[in-house]
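[1] Sequence plus the predicted model coming up.
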Amino acid sequence: MNLLLIVLFPFFGFMINGFMQLRSLKTGHKISSKQSGSIATFAMVLSFITAIYYFIQFSGQQEDGRLIEQNLFSWIKLGAFHVDFSLRLDSLSLLFTMIITGVGSLIHLYSIGYMKEDETPAKYFSYLNLFCFMMLNLVLGATMPHIFLGWEGVGLASYLLIGYWNQDTAKVGAGQKAFVMNRIGDLGFLIAMFIAYKYVGSLDLVDLQKATLSPKIASVVGLLVFFACTGKSAQIPLFTWLPDAMAGPTPVSALIHAATMVTSGIYLLTRISPLLLQAPDVLSVIAMVGVTTAFVSAVIACAQKDIKKILAYSTVSQLGFMFLACGVGAFDAGVFHVMTHAFFKALMFLGAGSVIHALHEEQNIFKMGGLSRKLPITTFTFVMGWAAILGLPPFSGFFSKDEIIIQSLHSQYGNQILFIMALASALLTAFYMTRLLVLVFFSPSRMEKETEEHAHESPLVMTLPLIALAILSLVGGFMHHSEGGHEEGQSIMIASVVVALIGAAFAFFRYRKFDKEEMTNQFVEKGLGIDVFYNKFFGNGVPLLAKGLSKWIEEYFIQNSMKFCTWMVEFSGSVLKSFQVGSMQVYLLMMVVFGLAFMIWILESVMQGVIFYGK
C-alpha cells in the first residue's frame, strides 16, 4: 500500500467538496450536509484504514524496523541546500496519524448531523478535509521545511474554520486573532531552521536528532522551537487565542482545539527531543511554562460560564501538562497524554455540541440544568469523559495524567515545585469539570420553559461518535505502559486520585442544588486581564508607538533631510551658475587654467614617486 494515500484521501475530499461548493454558488442548487459530509467522512475513513494497515504491519516488527520512507520529488534546490518532499512513517508519526484520522473520522461523522441546517456545508467539510490534509503533512513530513508547510497549513485552515460563520464580525475577529498569534510563534520556527541548517548542514529530522551541538546553540534552537510551540499549542504567553477560537462550530473545536492542531507543539518537541536533552536549561523553561499554563488556565476555567470556554481553558491546562512532561524529559508520557486527551476532550466537546444543539445554541451553563433526563446518551458519555479527565481509575486519564505528575517529581529534571503545581492543577481540574457536569446535567433546571420542552437527544449520527469516544476514554489508558509500578509512584497515583475526589466533592455539594446564576469574579472570568493587557499594550500601544515614530522619522528626519538635499542642490546650482557667463573666451580660459592645474598635480605626484623610490 502507498504511504501517500494517507495524505491524498483527505485532499481529494477537500477538492471534491470545494468543486461542489463552487458549482452550488453557480447553479444555486443547495448541497445537503449528508451529501458533502458523506464524501468528507469517507475520505477520512479511507485514510484511517490505511493507517491501520501500517499499524498492523508495524506490530510484528522490532522498534528499529518500524520505519517507512517515501521520497516523492525534489522540492527545494538552491546550491548546496537541497530538500526532498518526503514522507516518513515511524511509531511516533503513526500514533499521531491514527489520532488525526480516527478521531477525525468520528468528528466528520458527527458534523453531518450538527451542520444539518447550515447553508454551505460543502464549504465546511472542504475546510475540514483541508485541515486534516495539512495536519497529516505536519506529522508525516521528513524535514523541517515539510513540517513547516503543514504547520502553516493548519494555521490557515483553522483560521477558515474558526471564522466559518463570517456574517458575525466577532467570529471573524477570533479567526484573525488565532492566525496572528500563531504567526508570532512561527517566526521562532523559521529562525530555528536557519540556525539549525548553519550548524548541522541539514534540515532532515534524522540528521537533527543525531547532531551534537554546543549547549549554547542547542539552547538557542530549542528555545526558538519552543516559542513556536507556545503559539500553536496555546501556552503562556501566546495562549489567549484558543478560548476565543470557540467561536467556530463545535466540531471544529473538538478536532482542531482538542485532538490535533494544538498538540502539534508536543509532536515537534518530541521529534527534536535528542537536541533538547543537550540543553537542560531549555527543558527547565519548558517545564515551568507548561505547569504555570496548566495552573493559570485551571484558575480561569473555574470562573467561566460558557460551556465551550470552560472546555477551551481546560484544553490549555491539559496542554500545559503535556509540556510539563516534555520539560521533565518524559516525552513518552506527554505523547501518551496527547492520545488520551484526544479521546476524552473530543468527547466532551462533542457532548457540549449535543447540549448546544438541543438548547438552540444556548451556551451559558447557568441557563441549563436537569439535562440528564432529556439527553441520556449525551449525559452518560459526558460522565465518562469527566471521569477520564479527572484521572479516576480505570479511565484513560488515570494512566496518562498521573504518569506526568509522577515524572514531575521523580524525573532527573523534575522537582517539588513542579509536582505541587501539577497536583494543584489537578485539584482545580476536578473542581471546574464537576462544576460544569453538575450545572448542566444534574442540578435543578434553569432553562426557559420553551427551551426545556423542546430539548431532546441528538440523532444517531451524532450520538454514535460520542459512544465510540466514550469507549476509547475508558480503555485508552491500557494502550501504554505506566511508570507507576514502584511504591513511590503508586503513592503519588493514590494521592492524585484523592485530590481529584476532594475537588469533585467540593464542586458537587456546592452546585447540586444551584438554582440561580453565580456571581463570578470578573477579573478571573476575563482571563486575569491578560487579554486586556495585550489589547492595550499591543493593540493600542504599538499603533501609538508607530504613529509617534512615524511623526519623528517623517517630519524631523526624512523631511529635514529632503530640505537639506534641496538646499545643497540650490547652493551648488548657484555656485555653478556664476561660472555660466555666456562668453566663449572665458570658457576657453577656464579650460586652460583647469588643464594646467591638472597637469601640475600629475607632475607633482610623479616627482614624489621618483623621490620615494630613489631613497
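    Ah, there it is. Fair warning: this is a prediction, and the values are worked out from it, not measured in the lab.
[2] how about I420, phi and psi?
    Torsion angles at I420 (phi, psi; degrees, to the nearest 10) stand at phi -70, psi -40.
[3] For stretch 422-438, the averaged confidence score.
    For stretch 422-438, the mean pLDDT works out to 95.
[4] Could you break this structure into its assigned domains?
    1-142, 279-526, 529-580, 583-615 (automatic domain parsing).
[5] Could you single out the most deeply buried of those domains?
    domain 279-526 (a mean of 21; mean count of other Cβ atoms under 10 Å). From N, CA and C alone the C-beta is placed, and that goes for glycine too.
[6] quick one: which of the domains of the chain is nearest P243?
    Checking those against P243 by Cβ to Cβ gives domain 279-526 as the closest, at 4.3 Å.
[7] Ends of the closest one, what's the gap?
    36 Å (Cα to Cα, to the nearest Å).
[8] mean confidence for whichever helix or strand L242 is part of?
    For L242, the host element (DSSP states H and E) is helix 241-244. For helix 241-244, mean pLDDT rounds to 88.
[9] Strands of the chain, start to end?
    Remark: strands assigned in the chain by DSSP state E are 68-78, 81-89.
[10] Just give me how far the first one sits from the chain centre.
    Distance of strand 68-78 from its chain centroid, counting by Cα atoms, centre = their mean, to the nearest Å, is 26 Å.
[11] Next: stretch 313-321.
    In terms of Cα atoms, centre = their mean, the centre of stretch 313-321 is set 12 Å apart from its chain centre.
[12] CA atoms of it as PDB?
    Extracted C-alpha coordinates of stretch 313-321, given in PDB (Å, rounded to 0.1, in the frame of the first residue of the first chain):
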ATOM      1  CA  TYR A 313      -9.400  26.700  29.100                       C
ATOM      2  CA  SER A 314      -9.400  23.000  30.200                       C
ATOM      3  CA  THR A 315      -7.600  22.200  26.900                       C
ATOM      4  CA  VAL A 316      -5.000  24.900  27.500                       C
ATOM      5  CA  SER A 317      -4.500  23.400  31.000                       C
ATOM      6  CA  GLN A 318      -4.100  19.900  29.700                       C
ATOM      7  CA  LEU A 319      -1.700  21.100  27.100                       C
ATOM      8  CA  GLY A 320       0.300  22.500  30.000                       C
ATOM      9  CA  PHE A 321       0.500  19.000  31.500                       C
END
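[13] Which residues does it contact?
    233-235, 239, 242-243, 257-258, 262-263, 265-266, 289-295, 297-298, 300-301, 304, 337, 341, 345, 389, 401, 404, 422, 425, 428-429, 432-433 (Cβ atoms under 8 Å, 6 or more residues apart in numbering).
[14] Among the residues you listed, which ones are in helices?
    242-243, 265-266, 289-295, 297-298, 300-301, 337, 341, 345, 389, 401, 404, 422, 425, 428-429, 432-433 (DSSP state H).
[15] So for F508, which of the strands of the chain sits nearest?
    Shortest distance between F508 and the strands of the chain, using Cβ to Cβ, is found for strand 81-89: 45.3 Å.
[16] Could you list the alpha-carbon positions for that closest one in PDB?
    Presented in PDB, the C-alpha positions along strand 81-89 are these (Å, rounded to 0.1, in the frame of the first residue of the first chain):
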ATOM      1  CA  PHE A  81      20.900  23.400   0.000                       C
ATOM      2  CA  HIS A  82      18.600  20.600  -1.100                       C
ATOM      3  CA  VAL A  83      15.300  19.400   0.400                       C
ATOM      4  CA  ASP A  84      13.200  16.500  -0.800                       C
ATOM      5  CA  PHE A  85       9.500  16.300  -0.400                       C
ATOM      6  CA  SER A  86       9.400  13.000   1.500                       C
ATOM      7  CA  LEU A  87       7.000  11.200   3.800                       C
ATOM      8  CA  ARG A  88       8.400   9.300   6.800                       C
ATOM      9  CA  LEU A  89       6.300   7.000   9.000                       C
END
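[17] So which residues make contact with it?
    Residues from elsewhere that reach strand 81-89, judged by Cβ under 8 Å, 6+ apart: 3-4, 7, 54, 67-77, 97, 140-143, 145-146, 197, 203, 205.
[18] circling back: show me how far the helix holding L242 is from its chain's centre.
    Between the centre of helix 241-244 and the centre of its chain there are 11 Å (Cα atoms, centre = their mean).
[19] what's that helix packed up against?
    Judged by 3 or more Cβ pairs under 8 Å, 6 or more residues apart in numbering; DSSP states H and E, helix 241-244 is in contact with helix 169-200, helix 307-327.
[20] coming back round to it: so can I have TSV of the strands of the chain showing mean pLDDT?
    Output for the strands of the chain, formatted as TSV (pLDDT from 0 to 100):
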stretch	mean pLDDT
strand 68-78	89
strand 81-89	91
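[21] The ones you listed into CSV, with extra columns for distance to P543?
    Below are those laid out as CSV (distance: least, Cβ to Cβ, whole Å):
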stretch, distance to P543
strand 68-78, 37
strand 81-89, 38
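[22] Looking at those strands, spot the one closest to L596.
    Ranking these by proximity to L596 (Cβ to Cβ) places strand 68-78 first, at 57.2 Å.
[23] Compare the helices and strands packed on helix 241-244 and say which comes out lowest on pLDDT.
    Lowest mean pLDDT within the helices and strands packed on helix 241-244: helix 169-200, at a mean of 90.
[24] Can you point out the buried residues in that helix?
    With burial defined by 16 or more other Cβ atoms under 10 Å, the residues of helix 169-200 counted as buried are 171-172, 174-175, 177-179, 181-182, 184-186, 188-189, 191-193, 196-197, 200.
[25] need the domains of the chain in TSV with distance to C229, can you?
    Formatted as TSV, the domains of the chain follow (distance: least, Cβ to Cβ, whole Å):
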stretch	distance to C229
domain 1-142	12
domain 279-526	8
domain 529-580	19
domain 583-615	66
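[26] I'd like to know which of those is closest to F226.
    domain 279-526 (5.6 Å).
[27] Give me the nearest residue to H337, chain neighbours excluded.
    Among residues not flanking H337 along the chain, S400 sits closest, at 4.1 Å (Cβ to Cβ, 6 or more residues apart in numbering).
[28] Enumerate every residue touching that neighbour.
    Per Cβ under 8 Å, 6+ apart, neighbours of S400: A333, F336, H337, M339, T340, H341, G477, H480.
[29] residues contacting the fifth one?
    T340 makes contact with A388, S396, G397, F399, S400, K401, S473, G476, G477 under the criterion Cβ under 8 Å, 6+ apart.
[30] roughly how far apart are the spatially closest residue to it that is not a sequence neighbour and S233?
    Once flanking residues are discounted, T340 sits nearest to S396: 3.8 Å by Cβ to Cβ, 6+ apart. Distance of S396 to S233, computed by Cβ to Cβ, to the nearest Å: 20 Å.
[31] Low-confidence stretches in the protein?
    Applying pLDDT under 70 to the chain flags the ranges 480-488, 538-542, 549, 551-552, 555, 576-582, 609-615.
[32] Point to the residue nearest the middle of it.
    Taking Cα atoms, centre = their mean, the centroid of the chain lies closest to K232, which sits 2.5 Å from it.
[33] is it true that that one touches L269?
    No - if you go by Cβ atoms under 8 Å, K232 and L269 don't touch, sitting 10.8 Å apart.
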